[in-house]
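Asker: okay, here's the prediction I keep looking at, along with the sequence it came from:
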Amino acid sequence: MIGLVSSQNDLIPGHIFMQPLERAIENGIYAGGGTSFKFSVPGICDGIAMGHSGMHYSLASRELIADMIEAVVSAHSLDGIVLLTNCDKITPGMIMALGRLNIPGIVVTAGPMMSGRFNNKKLSLVRDTFEAMAQCEAGNLTEGELSSLEERTCPGAGSCQGLYTANTMACVTETLGLSLPGCGACLAVVSEKVRIAHQSGIRVVDLVRENILPRDILTMKAFENAIAMDMALGGSTNTALHIPAIAYEAGIDLPLELFDKISRKTPHITNIRPGGEYFMEDFYWAGGVPASLKQLKSLINTDCMTLNGKTIGQIADEAVVYNDEVIRTINNPFHKLGGIAVLTGNLAPDKCVIKQSAVNEKMRVFKGKARVFNSEEEAMKVILNADIQPDSVVVIRYEGPKGGPGMREMLSPTASIVGMGLGDSVALITDGRFSGGTRGPCIGHISPEAMEGGTIAIVEDGDEILIDLNKRKLELLVDEKVLAERKQKWTPPTPKINHGYLARYAKLVSSAAKGAVFTK
């Protein structure tokens, strides 16, 4: 009895086309000798929820998805599960359930969208439309051109076309060994994805027969490999929430410092949007995750077993790199260091994260004066009114897991800063988080968050802030006595939302430094 857990719905571009994949998985389950029982979980599209109150629910939905799968699978005593997923919080939520239940299972990520086209230029939704809105406000783009971009950046179904959270998690999932080789980057619209879905249905029945369990695969070494792949690809900073959360459900304590440790020894070997100019389709045709494993082989744990019965080392040996400009060798990387850096300092005693692969070299060390906002909406009004000056550090607080609640993504402010031409002269820091589409000197996950009385809660307009990526430092340059006085006067504000699921979420959720999980 195999559960087919599908997030297919009519709301999310990355999920609207999943019905043929459901049929392929079902046929695979039957071909393997099992019986398929489909049930669904909800999903939220971050691209649609972005920039308004809906984003409060995005990260929070991850825990709901894990809980729903636990409840249905346990209540019906299913023998195994196939998880059909694609987007930002749905994939980690499903895998968290798999680690928690520890029954045979396999993940099928539904695949990236093809790039759009306008004036013979390749387009991605997240970068070309979100930044275009601010460009239009700044007078650098006409409303007609903006409308054309909106119409043409999404030519069909699939997850966002760059290395944003959905595609980062798909590649992480494959590297963990929970998807068949090639699944992570395989495009939504190609027949290979249907074949992978069918083969996954067959394979899950074998996993049940062989009693191969998720925690046999989800070892610390496997998580180290997943982080190494994330660093090599320059993936979304959201993985610093999702990978520790998955590890937690698998019974492994994965400290945030591990990301920085692996980042320091893992070069950035691809240059996919948002930081670069390649698209997921380029990565797929260049060989995808298996080809990247081949290039990284000397830096990863090659003895890790995967659900297809081969080790990561065997998959790397069998892979072909079709384009070593898109997927470079470790001796010819785009950057010597991996995609994410973990910073600490008096502004973030429990650490914070930044996608350093998307930061201009001249902004790696930056000092600026604080412009403080207590919500994303406050910041957006000022940014779009062109009231942010160069050499500023935009501080957006009370957007953490508890304070948001839900730790909203700050793609609208970051994209607007870039669109207004301030990407190389203004930094942004927040106790919220960022979309995988964010680029520039943007620091998120500041812990402790403002709602818990972290230092970010007592920053004032005009304070100097130092960002030093080379020394991994984030410092508020204010005398300690002054900070102590401010701390004494601080009282937590009234919660923004005090009813329903989000109110319960705010009471249960842990710090971003621990993956924003519900602790036992």
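Answerer: Yep, that arrived. Numbers count the residues shown, from 1 in each chain.
Asker: how far is stretch 235-250 from where the chain is centred?
Answerer: 9 Å (Cα atoms, centre = their mean, to the nearest Å).
Asker: may I have that stretch as CSV, with CA atoms only?
Answerer: C-alpha atoms of stretch 235-250 as CSV (Å, rounded to 0.1, in the frame of the first residue of the first chain):
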residue,chain,number,x,y,z
GLY,A,235,21.6,28.2,-3.8
SER,A,236,19.0,29.9,-1.8
THR,A,237,19.6,31.0,1.8
ASN,A,238,16.3,29.3,2.7
THR,A,239,18.3,26.0,2.8
ALA,A,240,19.8,27.3,6.1
LEU,A,241,16.3,26.8,7.4
HIS,A,242,15.2,23.7,5.6
ILE,A,243,18.3,21.4,5.7
PRO,A,244,18.6,21.7,9.6
ALA,A,245,14.8,21.2,9.8
ILE,A,246,15.0,18.0,7.8
ALA,A,247,18.0,16.8,9.8
TYR,A,248,16.0,17.6,13.0
GLU,A,249,13.2,15.3,11.9
ALA,A,250,15.7,12.6,11.0
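Asker: and the gap between residue 510 and residue 246?
Answerer: Per Cβ to Cβ, to the nearest Å, residue 510 is found 14 Å from residue 246. Heads up, the C-betas are built off the backbone N, CA and C, glycines and all.
Asker: neighbour-wise, which of the two wins?
Answerer: Per other Cβ atoms under 10 Å, whichever of residue 510 and residue 246 has more neighbours is residue 246, with 34 against 17.
Asker: which residues does that one contact?
Answerer: Residues in contact with residue 246 (Cβ atoms under 8 Å, 6 or more residues apart in numbering) are 92, 95, 96, 99, 176, 218, 223.
Asker: that's a helix at it, yeah?
Answerer: Yes: with DSSP: H, G, I helix; E, B strand; the rest coil as the criterion, residue 246 is assigned to a helix.
Asker: how near is it to residue 447?
Answerer: Distance, residue 246 to residue 447, by Cβ to Cβ: 19 Å.
Asker: re earlier: neighbour-wise, give me the winner out of the contacts of residue 246.
Answerer: residue 95 (30 neighbours).
Asker: now do that residue against residue 169, distance only.
Answerer: For residue 95, the distance to residue 169 - Cβ to Cβ - is 8 Å.
Asker: now for the lowest-mean-pLDDT helix or strand in the chain, which elements pack on it?
Answerer: Here the helix or strand of the chain ranked lowest by mean pLDDT, DSSP states H and E is helix 125-137, holding a mean of 82. If contacts are counted by 3 or more Cβ pairs under 8 Å, 6 or more residues apart in numbering; DSSP states H and E, helix 125-137 sits against strand 116-118, helix 143-152, helix 376-384, helix 411-419.
Asker: among these, which is nearest residue 47?
Answerer: With Cβ to Cβ as the criterion, residue 47 lies closest to helix 411-419 of those, at 8.7 Å.
Asker: against which helices or strands is the closest one packed?
Answerer: Counting contacts by 3+ Cβ pairs under 8 Å, 6+ apart, helix 411-419 packs against helix 125-137, helix 376-384, strand 392-396, strand 426-430.
Asker: do that again at 6 Å, thanks
Answerer: Packed against helix 411-419 by the contact rule (3 or more Cβ pairs under 6 Å, 6 or more residues apart in numbering; DSSP states H and E) you find helix 125-137, helix 376-384.
Asker: so what touches that helix?
Answerer: 50-51, 130-131, 134-135, 379-380, 383, 426, 428, 435, 437-438, 440, 442 (Cβ atoms under 6 Å, 6 or more residues apart in numbering).
Asker: go through those and name the one nearest residue 333.
Answerer: residue 440 (20.5 Å).
Asker: wait, that closest one touches residue 423, no?
Answerer: Yes: if you go by Cβ atoms under 6 Å, residue 440 and residue 423 touch, sitting 4.6 Å apart.
Asker: host element of the residue nearest to residue 262 when sequence neighbours are not counted?
Answerer: Excluding its sequence neighbours, the residue lying closest to residue 262 (Cβ to Cβ, 6 or more residues apart in numbering) is residue 227, at 4.8 Å. Using DSSP states H and E, residue 227 falls within helix 220-233.
Asker: for stretch 98-113, measure first residue to last.
Answerer: Using Cα to Cα, to the nearest Å, the end-to-end distance of stretch 98-113 comes to 26 Å.
Asker: average model confidence for it?
Answerer: The average pLDDT for stretch 98-113 rounds to 98.
Asker: how far does that stretch sit from its chain's centre?
Answerer: With Cα atoms, centre = their mean as the basis, stretch 98-113 stands 16 Å off its chain's centre.
Asker: ok, stretch 175-189 next?
Answerer: Using Cα atoms, centre = their mean, the mean C-alpha position of stretch 175-189 is found 16 Å from that of the whole chain.
Asker: next, give phi and psi for residue 15.
Answerer: Backbone torsions of residue 15, given as degrees, to the nearest 10, read phi -130, psi -10.
Asker: let me know the pLDDT of it.
Answerer: At residue 15, pLDDT is 96.
Asker: residues near it, how many?
Answerer: Residues within reach of residue 15, counting by other Cβ under 10 Å, total 26.
Asker: that one reaches residue 21, doesn't it?
Answerer: No: Residue 15 lies out of contact with residue 21 (Cβ under 6 Å); the separation is 10.0 Å.
Asker: let me see the contact set for the nearest residue to residue 228 once chain neighbours are set aside.
Answerer: Using Cβ to Cβ, 6+ apart and skipping residues adjacent in sequence, the residue nearest residue 228 is residue 266, 4.9 Å away. Contact analysis of residue 266 by Cβ under 6 Å, 6+ apart lists 228, 231, 232, 299, 338.
Asker: setting aside sequence neighbours, what's the nearest residue to the third one?
Answerer: Distance criterion Cβ to Cβ, 6+ apart; nearest residue to residue 232, sequence neighbours excluded, is residue 269 at 5.0 Å.
Asker: tell me the spacing between the one you found and residue 295.
Answerer: According to Cβ to Cβ, residue 269 and residue 295 sit 6 Å apart.
Asker: if we can go back for a sec, going by distance to residue 392, which of the contacts of residue 246 wins?
Answerer: Closest approach between the contacts of residue 246 and residue 392, by Cβ to Cβ: residue 92, at 33.4 Å.
Asker: so how far is residue 239 from that closest one?
Answerer: Residue 92 sits 9 Å away from residue 239, going by Cβ to Cβ.
Asker: try residue 290
Answerer: With Cβ to Cβ as the criterion, residue 290 and residue 239 are 20 Å apart.
Asker: before we move on, what about residue 395?
Answerer: As judged by Cβ to Cβ, residue 395 and residue 239 stand 24 Å apart.
Asker: ranges for the strands of the protein?
Answerer: For the chain, applying DSSP state E gives strands covering 2-6, 36-40, 80-85, 105-109, 116-118, 121-123, 340-345, 348-355, 365-373, 392-396, 426-430, 442-444, 464-468, 473-476.
Asker: hey, where'd the helices end up in the stretch 151-300 of the chain?
Answerer: 165-176, 191-210, 214-217, 220-233, 239-249, 257-265, 280-286, 288-296 (DSSP state H, counting those that start in this stretch).
Asker: contacting residues for residue 371?
Answerer: The contact partners of residue 371, by Cβ under 6 Å, 6+ apart, come to 392, 394.
Asker: what's across from it in the sheet?
Answerer: residue 394 (DSSP bridges).
Asker: center of this protein, which residue is that?
Answerer: Closest residue to the average C-alpha location of the chain: residue 165 at 3.0 Å, with Cα atoms, centre = their mean.
Asker: that one and residue 409, how far apart?
Answerer: 9 Å.
Asker: ok, now residue 66?
Answerer: To residue 409, residue 66 is 20 Å away according to Cβ to Cβ.
Asker: looking at the two now, which is surrounded by more residues?
Answerer: When residue 66 and residue 409 are compared for neighbours, residue 409 comes out ahead with 32 against 27, by other Cβ under 10 Å.
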